[in-house]
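J.: structure for the following, please:
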Amino acid sequence: MIFKLHAVYGEWLLRDFRWDFVVDDLKGARLFLLNEDSTHAELVAMAQEDYNLDMRSVTVEISYSLPAEMMMTPSSPPIHVTSDRQVRNLLEILKTHRVCLCVSSRSKVETVSEKREEAGDNDEAGEWEEDVGDNDEAGEWEEDVGDNDEADECFEDVGDNESVEDENQDGEEENGEEENGRRMLITLLLVKRIRMVGITVFMERF
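T.: Below you'll find the predicted structure:
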């Protein structure tokens, strides 16, 4: 089956919330013949050849506006044909509706610039994520430092407890020495008393 497709050259503009295709009168219109096996590459080649576009410096864009009865809203954006599947979708619509093919071109320099801007935005997002990651690591480091401080306080508490225990032990040792001294003194006094009693008894006998 052969599909006759009317094509014009120009650019899309958004005016008052509505997409309009502004036709370049100098370029004129073309008629493309497609079949059910046509591919996106063949369609681009037709547009490039008929409009004499330099593929080394520009990128060809092919699009169309949906029929009015298929549009959800008047502000619906145009449909861009970017693959073989999109070509098949276009041919399917052509079986029941009339569609005008819109051909545009964009400088590859602009395309590269836009890609670089997008890459720059992605890099900034990546740097922001890295900064957030660094802040998280810093927070973890501070938490570790806090844990170490708590550990130091724990060690200080243990040291204080050990000092108290040492003082208690020293006090117990001193008390033990005093008690031993008292016992020895009492023992000496008892021995002395016993000796005196023995001497007294001995003298009374004689």
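J.: sketch out the low-pLDDT regions of this protein for me.
T.: Scanning the chain for pLDDT under 70 picks out 110-176, 197-206.
J.: and the longest strand for it?
T.: Taking DSSP state E as the criterion, the chain has its longest strand at strand 2-15.
J.: using CSV, write out every CA atom in that one.
T.: The C-alpha coordinates for strand 2-15 follow below in CSV (Å, rounded to 0.1, in the frame of the first residue of the first chain):
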residue,chain,number,x,y,z
ILE,A,2,1.3,3.4,-1.0
PHE,A,3,0.8,6.4,1.3
LYS,A,4,0.9,9.9,-0.1
LEU,A,5,2.2,12.3,2.5
HIS,A,6,2.2,16.1,2.1
ALA,A,7,5.3,17.7,3.7
VAL,A,8,6.2,21.3,4.5
TYR,A,9,9.4,22.9,5.9
GLY,A,10,9.4,25.3,8.9
GLU,A,11,9.5,25.4,12.7
TRP,A,12,7.1,24.9,15.6
LEU,A,13,6.2,27.9,17.8
LEU,A,14,4.1,27.9,21.0
ARG,A,15,1.6,30.9,20.9
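J.: so in that sheet, which strands flank it, and in what orientation?
T.: strand 18-23 (antiparallel), strand 29-35 (antiparallel), strand 100-107 (parallel) (DSSP bridges).
J.: now do Ser83: how many residues are near it, please.
T.: 12 (other CB atoms under 10 Å). Every residue, glycine included, has its C-beta placed from N, CA and C.
J.: what are the buried residues along stretch 36-53?
T.: Ser38, His40, Leu43, Val44, Met46, Ala47, Gln48, Asp50, Tyr51, Leu53 (16 or more other CB atoms under 10 Å).
J.: next: stretch 6-25.
T.: Ala7, Val8, Tyr9, Trp12, Phe21.
J.: and the furthest pair within these?
T.: Ala7 and Trp12 (14.5 Å; CB to CB).
J.: just the buried residues of stretch 6-25 now: which is nearest Ala68?
T.: Phe21 (14.5 Å).
J.: tell me if I'm right that Ile79 and Ser65 touch.
T.: Yes: the pair Ile79 / Ser65 is scored as a contact, 7.4 Å apart, by CB atoms under 8 Å.
J.: before we move on, the earlier item: save the strands paired with strand 2-15 as TSV, and put in distance to Arg182 too.
T.: Formatted as TSV, those follow (distance: least, CB to CB, whole Å):
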stretch	distance to Arg182
strand 18-23	113
strand 29-35	124
strand 100-107	111
